[in-house]
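Q: turn this into a structure:
(chains A, B, C and D, ligands or ions: 4)
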Number of protein chains: 2
Amino acid sequence: MTKRFSAQREMIRDALTMLDHPTAAQVYDHIRRAYPQISLGTVYRNLGDMAAGGEVLRLSFAGAPDRFDMNTADHCHAACVWCGRIFDTDGSLPAALLRELDAAVEKSTGIAVQSRAMLFSGACADCRPVH
Amino acid sequence: MTKRFSAQREMIRDALTMLDHPTAAQVYDHIRRAYPQISLGTVYRNLGDMAAGGEVLRLSFAGAPDRFDMNTADHCHAACVWCGRIFDTDGSLPAALLRELDAAVEKSTGIAVQSRAMLFSGACADCRPVH
DNA sequence: TATAATAACGATAATCATTACTGAATGATT
DNA sequence: AATCATTCAGTAATGATTATCGTTATTATA
Ligand SMILES: [Mn+2]
Ligand SMILES: [Mn+2]
Ligand SMILES: [Zn+2]
Ligand SMILES: [Zn+2]
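A: Ligands and ions are numbered 1, 2, ... in the order given. Below is the predicted model:
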């Protein structure tokens, strides 16, 4: 009954707490500063396993590398088209709204919605005044 | 003042009407039956140009090749996790709901939503009884 | 119409993200 | 210690997409 923790996986967890929604490459670069022999393949393998096990979320953005999120709570993401930062929706995103959406989608498509992937884009509060 | 369209681009348009939300490779395979010398690069270039010009939509799905949609109306997509088919939401998806969502996202993230990408997944009506 | 300029093509090479493979290292079990 | 399983680092392979480039249409012009 041994819990398996490789030192490398622990470093990956640390990186996920330090870096905000990082890509695998960003996790790799971060770890490399302290542990140069880490392999990008190890990062990908661990992130993939963790995502498959539900320990982290894998976020897919159009035309961009996947990002990873250690916040596994049900939340959405909004990306700033100017600075590229990614923001979490907090719990305040009314679950009722989402359920209404699901119902509308099911009525329209016949699909019984099990999961949804949604990404919002726009100008963040910092970038908005500038542009 | 000539509107230029190559025969190949016209074939691509045809393919988009025949095939439901096809990938570039599917468009290529379709055209190839009648015009074997078409190049996959030509398909990608034309689809990319058409998408950039707003003539078609490019849909990005996690871990899968992009798909193209000649229906440029504002609509969402729902994929069946069993048969892989992709369904359109018709206009009945209440725009009011979406605006409420945008507002909730802005309140939560500070992002003034300009666009959203959303994909729903679940079992379609055909596949549901079977599984 | 002949010809020069442009635009698009087909073939293929290159890129980028990601996964798969391999032999070595590490850790657990008996 | 001998064995068995897991994970590693390194690297090769894959798959989707884009870039390059010489050739072939297509449009404009003399
Ligand atoms: Mn998040
Ligand atoms: Mn559609
Ligand atoms: Zn910003
Ligand atoms: Zn189905």
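Q: what's the closest non-adjacent residue to the residue of chain A found nearest ligand 2?
A: Using C-beta to the ion, A:Thr109 is the residue of chain A that sits closest to ligand 2, at 10.3 Å. Backbone N, C-alpha and C define where each C-beta goes, glycine included. Nearest residue to A:Thr109, sequence neighbours excluded (C-beta to C-beta, 6 or more residues apart in numbering or on different chains): B:Phe87, at 3.7 Å.
Q: cool, and A:His30?
A: A:Ala15 (4.5 Å).
Q: one more: A:Ala125?
A: Here the residue nearest A:Ala125, using C-beta to C-beta, 6+ apart, is B:Gly110, at 3.8 Å.
Q: right, and the residue of chain A closest to ligand 2 touches B:Arg85 too?
A: No - if you go by C-beta atoms under 8 Å, A:Thr109 and B:Arg85 don't touch, sitting 9.7 Å apart.
Q: and for these two, which residues touch both?
A: B:Cys124 (C-beta atoms under 8 Å, 6 or more residues apart in numbering or on different chains).
Q: tell me which of these two has more neighbours.
A: Taking neighbours as other C-beta atoms under 10 Å in any protein chain shown, A:Thr109 and B:Arg85 compare with A:Thr109 leading, 25 against 15.
Q: ok so, going back, the residue nearest to A:His30 touches A:Ile31, doesn't it?
A: Yes - contact criterion C-beta under 8 Å: A:Ala15 and A:Ile31 qualify, at 5.6 Å.
Q: count the neighbours of A:Met11 for me.
A: By the measure other C-beta under 10 Å, the count of residues near A:Met11 is 20.
Q: mind telling me what element it is part of?
A: helix A:7-18 (DSSP states H and E).
Q: got the CA coordinates for the helix or strand following that helix in PDB?
A: Next in sequence after helix A:7-18, counting helices and strands by DSSP H and E, comes helix A:24-34. Extracted C-alpha coordinates of helix A:24-34, given in PDB (Å, rounded to 0.1, in the frame of the first residue of the first chain):
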ATOM      1  CA  ALA A  24       4.000  21.500 -20.200                       C
ATOM      2  CA  ALA A  25       6.900  23.500 -21.700                       C
ATOM      3  CA  GLN A  26       6.600  26.200 -19.000                       C
ATOM      4  CA  VAL A  27       6.500  23.500 -16.300                       C
ATOM      5  CA  TYR A  28       9.600  22.000 -17.800                       C
ATOM      6  CA  ASP A  29      11.500  25.300 -17.900                       C
ATOM      7  CA  HIS A  30      10.500  26.100 -14.400                       C
ATOM      8  CA  ILE A  31      11.800  22.800 -13.000                       C
ATOM      9  CA  ARG A  32      14.900  22.900 -15.100                       C
ATOM     10  CA  ARG A  33      16.200  25.900 -13.200                       C
ATOM     11  CA  ALA A  34      16.600  23.700 -10.100                       C
END
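Q: quick one: contacts for A:Leu16?
A: A:Pro22, A:Val27, A:Val56, A:Phe68, A:Asp69, A:Met70.
Q: circling back: distance of the residue nearest to A:His30 relative to chain B?
A: 22 Å (C-beta to the nearest C-beta, to the nearest Å).
Q: need the contact list for that residue.
A: Contacts of A:Ala15 (C-beta under 8 Å, 6+ apart): A:Pro22, A:Gln26, A:Val27, A:His30, A:Ile31.
Q: the first one - how many residues pack around it?
A: When neighbours are counted by other C-beta under 10 Å, A:Pro22 registers 23.
Q: follow-up on the earlier one: export the contacts of A:Ala15 to CSV and tack on pLDDT and distance to B:Ala95?
A: CSV is the format used below for the contacts of A:Ala15 (pLDDT from 0 to 100; distance: C-beta to C-beta, whole Å):
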residue, pLDDT, distance to B:Ala95
A:Pro22, 97, 35
A:Gln26, 98, 37
A:Val27, 98, 39
A:His30, 98, 42
A:Ile31, 98, 45
